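Undergrad: Predicted model follows, preceded by the sequence.
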Amino acid sequence: MIRPTFRRFLPLLLFVCIYALACASGLAQDEAAAPAPKEENILQTIKDGGPLIMAIWCAIIATSVTMLTLIIQNIMSLRRDRLAPPPLIQALQQTIASGNYQEAWATCHANRNYLANVLKAGLSRLGRGKEAAEDAIAEHGLREATMLRTRNSYLSVIGVVSPMIGLLGTVIGMMGAFKVLAGSGISDPRALSGKIGEVLLATASGLFIAIPAFVSYYIFRNISQMCIVHADDVVNSLLVDIPYDELGGVQIGENFSAGVPQSAAAGVRKVSIALTTNCPICSGAVTPGSNPCPHCGATLDWQT
């Protein structure tokens with residue numbers, strides 16, 4: 001049974017495997033069909049090319065290893081349950097619904113993912129109003145999304161740079177081949193053609209890296225966008241029912257402070273001791289004659 005999380009990555013994995021097998025089969029057929037004047041493996045060819053050719057091949061190997069590392073990291077990180085884990089969503093829903101915003105902030109602070117980082121920024125500005133909280137969410141959401149896309153953008157860089165590295169190795173190798181041709185003529189055309197085939201291997205290697213790098217870049221770009229949209233929807237749904245007007249002056253975060261409730265700062269409210277036993281501001285049940293309101297802290301002026 002294939003997990004739904006990895007099902008989206010199967011086309012990419014199949015493409016890389018089929019592409020690698022096809023290239024390996026093509027190289028094997030070329031080696032079997034080409035009657036080389038002497039048996040010489042790739043390592044010996046690189047060694048005979050000199051220090052500059054060796055440096056170019058080291059760069060090609062480094063880009064290929066980096067590409068595979070980035071692909072594996074993107075497969076592991078660009079998932080909905082990594083950006084917005086369902087257990088964390090359930091915990092935050094219960095905490096925010098009960099009005100424990102400081103506890104929700106502490107839960108986000110203890111987790112390191114897209115949802116927690118963005119929601120923590122919004123919770124820390126609840127006391128400043130809805131507009132300030134939404135601005136904080138948008139700002140930190142853009143920052144987190146940029147960090148996620150940065151790793152994927154390196155695949156595009158590898159796709160551009162690796163053919164250039166291979167072409168540089170081919171050009172340098174061709175310079176050496178024509179230098180030999182200028183010195184000895186074309187007395188041995190088979191050796192010259194074999195030398196040219198060897199230097200073209202650098203270009204083929206660069207293209208072998210560039211093609212899967214570009215394909216992976218566009219696939220992961222679309223996947224990251226879908227995951228970010230899902231996480232943003234979760235953040236907005238968690239904050240949609242928060243009473244911003246009642247949280248004016250509240251400071252949530254490391255320096256937690258309950259502040260002065262807006263209802264208490266509205267002034268003294270007159271209440272008839274004979275007609276009501278509920279606070280006119282928060283509608284909470286109060287004992288006639290008690291002051292202030294034990295629920296919202298409003299000052300009540302009891303009149304007979």
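TA: That came through fine.
Undergrad: Would you check that Met67 makes contact with Ile158?
TA: Yes: between Met67 and Ile158 there is a contact under C-beta atoms under 8 Å: 5.1 Å. Heads up, the C-betas are built off the backbone N, CA and C, glycines and all.
Undergrad: can you list residues touching both of these two?
TA: Ile209, Ala213 (C-beta atoms under 8 Å, 6 or more residues apart in numbering).
Undergrad: how about low-confidence regions in the stretch 201-304 of the chain?
TA: 256-284, 289, 295-298, 300-304 (pLDDT under 70).
Undergrad: just checking, Leu126 touches Pro243?
TA: No: applying C-beta under 8 Å, one finds Leu126 not in contact with Pro243, separated by 9.5 Å.
Undergrad: Pick out whichever of the two has more residues nearby.
TA: Set Leu126 next to Pro243 and count neighbours by other C-beta atoms under 10 Å: Leu126 wins out with 25 against 10.
Undergrad: Ala106 versus the more buried one, what's the distance?
TA: 14 Å (C-beta to C-beta, to the nearest Å).
Undergrad: Helix or strand: which one has Thr170?
TA: Under the criterion of DSSP states H and E, Thr170 resides in helix 130-184.
Undergrad: moving C-terminal of that helix, what's the next helix or strand?
TA: In N-to-C order, the element after helix 130-184 by DSSP H and E is helix 189-239.
Undergrad: What helices and strands are in contact with that next one?
TA: Secondary-structure packing of helix 189-239 (3 or more C-beta pairs under 8 Å, 6 or more residues apart in numbering; DSSP states H and E): helix 10-33, helix 42-48, helix 51-77, helix 80-83, helix 86-97, helix 114-123, helix 130-184.
Undergrad: What residues of the shortest one count as buried?
TA: When burial is assessed from 16 or more other C-beta atoms under 10 Å, helix 80-83 yields the following buried residues: Arg80, Leu83.
Undergrad: and it, what does it pack onto?
TA: Using 3+ C-beta pairs under 8 Å, 6+ apart: helix 80-83 touches helix 189-239.
Undergrad: burial of Val240, as a residue count?
TA: Counted with other C-beta under 10 Å, Val240 comes out at 8.
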